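Chemist: structure for the following, please:
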Amino acid sequence: MPSADPRAVALSALVEIGTKEAFSDAVLSSHLDASALFGLDRGLATQLVYGCLARERTLDYTVAAYSERDIAKLAPEVMALLRLGVFQLAFLERVPSHAAVHATVELAKREAPRAAGFINAILRRCSREGLANPPSGHIERLAIDYSHPEWLIERWIAELGEADTIALMEKDNVALPTVLRALVDRDEAIAALSERATDVSACERAPDGILAAKPVRVPGIAIPQSEASQLVVQFLDPQPGEHILDACAAPGGKTAYIAALVGEEGRVTACDPGRNAKRRVTRFLATCGVDDRVDFHAKPVQELESDTGFDAVLVDAPCSGLGTLSEHPEIRWRRSPEDVSDLAARQTEILEAAASKVRTGGRLVYSTCTMLREENEEIVDAFLARHAEFTADTSPRGPEFEGLLDGEGRMRTLPHRHGMQGFFAAALRRA
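Modeler: Next comes the predicted model:
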């Protein structure tokens, strides 16, 4: 029978995310769809999953402090139950402490009966004493208070300053608003969504963006796409009739938006060698009604053969994803400095190959969904140093980019300043 217990659904999702290193949004969506949860219960399960993932360092520190066992040796189900219980006690004010302990222990009796007493003891102590006192070391204390890896905190402090880093980490631990992209005129889409009792309004910046009170997908009317992602496409500035290359297309959101903007007379060539990329992208394009304008190649852009240059090329490069921690909180625990360096080398290779496809006078946009200079400014600066035929494109931008551009005309969005995911984009032009 489908589960009607939000804590049980959250537990099964957390165990799968942790043991299979899967992405939280996809796993949670499948577990919710298979459950019997509706309304507030569905919202509670979502809050528990994202909260436990985002606050993992904080929760684990308290569990370790109150446990006589080595938590690294605990079964995944036991650790997930402990995180669920401590998260409710520490961060969900509307759930009474006795209810959080009771519900979690009852769930433990069903899912991990041999550990139920152990779980009960730790949760009761947490209920009495609260979260364990963090250590005195400054960076380690920040890491536990705000639940981020120490290496990332140090990197952000060096690049953004401590005050911005703390504000950014606070924003990472709460959900950003749901954003849709209108597939028809935005006012028409808002009216259609409002008729379905959906609380919606126009985004402040993205001209086709819609803020929604909850996730919703209405075929032919609107699809989910973050505001920062939409702004990257606007930054590329596709024009009707242009032939544009999307060098890293999956999952297809930007590809579909580009195809919509170039119109019926335009054309988009999309590349992505990723597993299932063709299926994911083509299905998304069909949902948006633009599949007839896109030629998809299941190969890296390095292997793409083209007789003529493209009017514009988008390199939405594979990156660490550290600008999307509110949507994918688990990413912070899966990345390391070595990963970032490896990604930077790959980004450089892709950018080099894609740049060769730009026609004379054409545009090249490099973008990521991370906020580390090693994957952003340093990649672009090194590329320009090697290629005198490209220059920074500082063309005037629309009002939607006010406050987002630096002196080189590069776009940077920051969650704590702009209320959207952390993206970077640099526009270049071939002389």
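
Chemist: need phi/psi at Gly274.
Modeler: Recorded main-chain torsions at Gly274 are phi -60, psi 160, according to degrees, to the nearest 10.

Chemist: now do the helices in the stretch 151-300 of the chain.
Modeler: For the stretch 151-300 of the chain, applying DSSP state H, counting those that start in this stretch gives helices covering 162-172, 186-195, 227-236, 253-262, 277-288.

Chemist: redo those as JSON lines? Include mean neighbour count and mean pLDDT.
Modeler: Where C-beta positions appear, they are placed from N, C-alpha and C, glycine not excepted. As requested, those are arranged in JSON lines below (neighbours: other CB atoms under 10 Å; pLDDT from 0 to 100):
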{"stretch": "helix 162-172", "mean neighbour count": "18", "mean pLDDT": "98"}
{"stretch": "helix 186-195", "mean neighbour count": "16", "mean pLDDT": "94"}
{"stretch": "helix 227-236", "mean neighbour count": "25", "mean pLDDT": "98"}
{"stretch": "helix 253-262", "mean neighbour count": "25", "mean pLDDT": "98"}
{"stretch": "helix 277-288", "mean neighbour count": "18", "mean pLDDT": "95"}
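
Chemist: so which of these is nearest Leu81?
Modeler: Proximity of these to Leu81 was assessed by CB to CB; the nearest stretch is helix 162-172, lying at 24.3 Å.

Chemist: what's that closest one packed up against?
Modeler: Using 3 or more CB pairs under 8 Å, 6 or more residues apart in numbering; DSSP states H and E, the elements in contact with helix 162-172 are helix 138-146, helix 150-160, helix 415-418.

Chemist: please identify the deepest-packed of these.
Modeler: helix 415-418 (a mean of 19; mean count of other CB atoms under 10 Å).

Chemist: I'd like to know which elements that one is packed against.
Modeler: Judged by 3+ CB pairs under 8 Å, 6+ apart, helix 415-418 is in contact with helix 162-172.

Chemist: what's the helix or strand for the spatially most central residue of the chain?
Modeler: Within the chain, one residue has its C-alpha closest to the average C-alpha position: by CA atoms, centre = their mean, that is Thr324, at 3.1 Å. Taking DSSP states H and E as the criterion, no element holds Thr324; it sits outside all helices and strands.

Chemist: can you check Val315 too?
Modeler: Following DSSP H and E, the helix or strand that holds Val315 is strand 310-316.

Chemist: what is the mean pLDDT for that strand?
Modeler: Within the predicted structure, the mean pLDDT of strand 310-316 is 98.

Chemist: so how far is it from its chain's centroid?
Modeler: On the basis of CA atoms, centre = their mean, to the nearest Å, the separation between the geometric centre of strand 310-316 and that of its chain is 22 Å.

Chemist: one more: stretch 337-350?
Modeler: Using CA atoms, centre = their mean, the mean C-alpha position of stretch 337-350 is found 19 Å from that of the whole chain.

Chemist: kindly list the longest strand within the protein.
Modeler: In the chain, ranked by residue count with DSSP state E as the criterion, the top strand is strand 358-368.

Chemist: show me what the helix or strand following that one is packed up against.
Modeler: With elements assigned by DSSP H and E, the helix or strand that comes after strand 358-368 is helix 377-386. Contact here means 3+ CB pairs under 8 Å, 6+ apart; on that basis helix 377-386 packs against helix 337-355, strand 358-368, strand 390-392, strand 424-430.

Chemist: mean neighbour count for these - can I get that in TSV?
Modeler: Compiled in TSV, the helices and strands packed on helix 377-386 are given as follows (neighbours: other CB atoms under 10 Å):
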stretch	mean neighbour count
helix 337-355	17
strand 358-368	21
strand 390-392	15
strand 424-430	24
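
Chemist: out of these, which is closest to Gly403?
Modeler: Closest among these, using CB to CB: strand 424-430, at 14.5 Å.

Chemist: any chance of JSON lines for the helices and strands packed on helix 162-172, columns distance to Gly39 and mean pLDDT?
Modeler: As requested, the helices and strands packed on helix 162-172 are exported to JSON lines (distance: least, CB to CB, whole Å; pLDDT from 0 to 100):
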{"stretch": "helix 138-146", "distance to Gly39": "31", "mean pLDDT": "98"}
{"stretch": "helix 150-160", "distance to Gly39": "36", "mean pLDDT": "98"}
{"stretch": "helix 415-418", "distance to Gly39": "28", "mean pLDDT": "97"}
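
Chemist: which stretch among those comes nearest Glu352?
Modeler: Taking CB to CB as the criterion, helix 150-160 is the member of the helices and strands packed on helix 162-172 that comes nearest to Glu352, at 24.7 Å.
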